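Q: quick one, what's the 3D model for this:
(chains A and B)
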Amino acid sequence: QQQVKQSPQSLIVQKGGISIINCAYENTAFDYFPWYQQFPGKGPALLIAIRPDVSEKKEGRFTISFNKSAKQFSLHIMDSQPGDSATYFCAASTGGADGLTFGKGTHLIIQP
Amino acid sequence: DAGVIQSPRHEVTEMGQEVTLRCKPISGHNSLFWYRQTMMRGLELLIYFNNNVPIDDSGMPEDRFSAKMPNASFSTLKIQPSEPRDSAVYFCASSLWGGVGKTQYFGPGTRLLVL
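A: Just a heads-up that it's a prediction; the model follows:
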């Protein structure tokens, strides 16, 4: 059972454009929703995270939008740069120190 | 500061052999997680520990897999006997349980190939 569904699998965006990646979850007990960025040969690294008590969180060019009623959240990368080319994973976890349930990932390519 | 340290970085072994992966979490962190990454299944949680105690091992695929955390600075993931379908990248991550944000910091991974 896939508890976090991520789309699209791959995405090509022109430099300067907006990259949008979407995720949907099923478990209403989830209360922490991070996005991780992974470069080839490296471990995932936290990019930005949100809790369900807010609808949006922005850090620099990265924004998470969260819709609790729809059980969906998305990552927006503004002014996308070639250095943003990586694989992005959404994830979710329940309270406490639980492990993360990851989406399948989105391979993002920013074309110069 | 040193991040999460994993060893070895690469492991090639033959089917049936025992494989031991090692992890040193970030100093001061009290939660440790083992994940497996494959093209087909993505990133999967295998097991996690809080204060050296295993909390949830429901992600461990089979009895061939076992994990230990004898102290706050060291954990192992063992596969015995290994099979070709165990080929994957295994990540260890650590976090500060009770800390704001619950950020998990991942190590560089161990790339395992079972022939």
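Q: need the contact list for the residue of chain A found nearest chain B.
A: Nearest residue of chain A to chain B (Cβ to the nearest Cβ) works out as residue A:43 at 3.4 Å. For glycine as for every other residue, the C-beta is placed from the backbone atoms N, C-alpha and C. Listed by Cβ atoms under 8 Å, 6 or more residues apart in numbering or on different chains, the contact partners of residue A:43 are B:4, B:91, B:93, B:106, B:107, B:108, B:109.
Q: which of the residues you listed are close to chain A?
A: B:4, B:91, B:93, B:106, B:107, B:108, B:109 (Cβ under 8 Å from any Cβ of the partner chain).
Q: what about the residue in chain B that chain A sits nearest to, neighbour count?
A: Chain A sits closest to residue B:106 of chain B, with a gap of 3.4 Å, by Cβ to the nearest Cβ. With neighbours defined by other Cβ atoms under 10 Å in any protein chain shown, the count for residue B:106 comes to 22.
Q: nearest residue to the residue of chain A closest to chain B in space, please, no chain neighbours.
A: residue B:106 (3.4 Å; Cβ to Cβ, 6 or more residues apart in numbering or on different chains).
Q: ok, now residue A:15?
A: In this structure, residue A:15 finds its nearest non-sequential neighbour in residue A:112, 5.3 Å apart by Cβ to Cβ, 6+ apart.
Q: count the neighbours of that neighbour for me.
A: There are 8 residues near residue A:112, going by other Cβ under 10 Å.
Q: if we can go back for a sec, and the residue of chain A closest to chain B, that's in a strand?
A: No - counting by DSSP: H, G, I helix; E, B strand; the rest coil, residue A:43 is not found in a strand; it is coil.
Q: how about it, phi and psi?
A: Dihedral pair for residue A:43: phi -80, psi 160, per degrees, to the nearest 10.
Q: please apply the same query to residue B:86.
A: phi -80, psi -10.
Q: for it, grab the count of nearby residues.
A: 21.
Q: interface residues of chain B facing chain A?
A: So far as Cβ under 8 Å from any Cβ goes, chain B lies against chain A at B:4, B:31, B:33, B:35, B:42-45, B:48, B:50, B:55-56, B:59, B:91, B:93, B:95, B:97-98, B:101-109.
Q: re earlier: now do the contacts for the residue of chain B closest to chain A.
A: A:36, A:43, A:44, A:45, B:4, B:35, B:91, B:92, B:93.
Q: pLDDT weak spots in chain A?
A: A:1-2, A:95-97 (pLDDT under 70).
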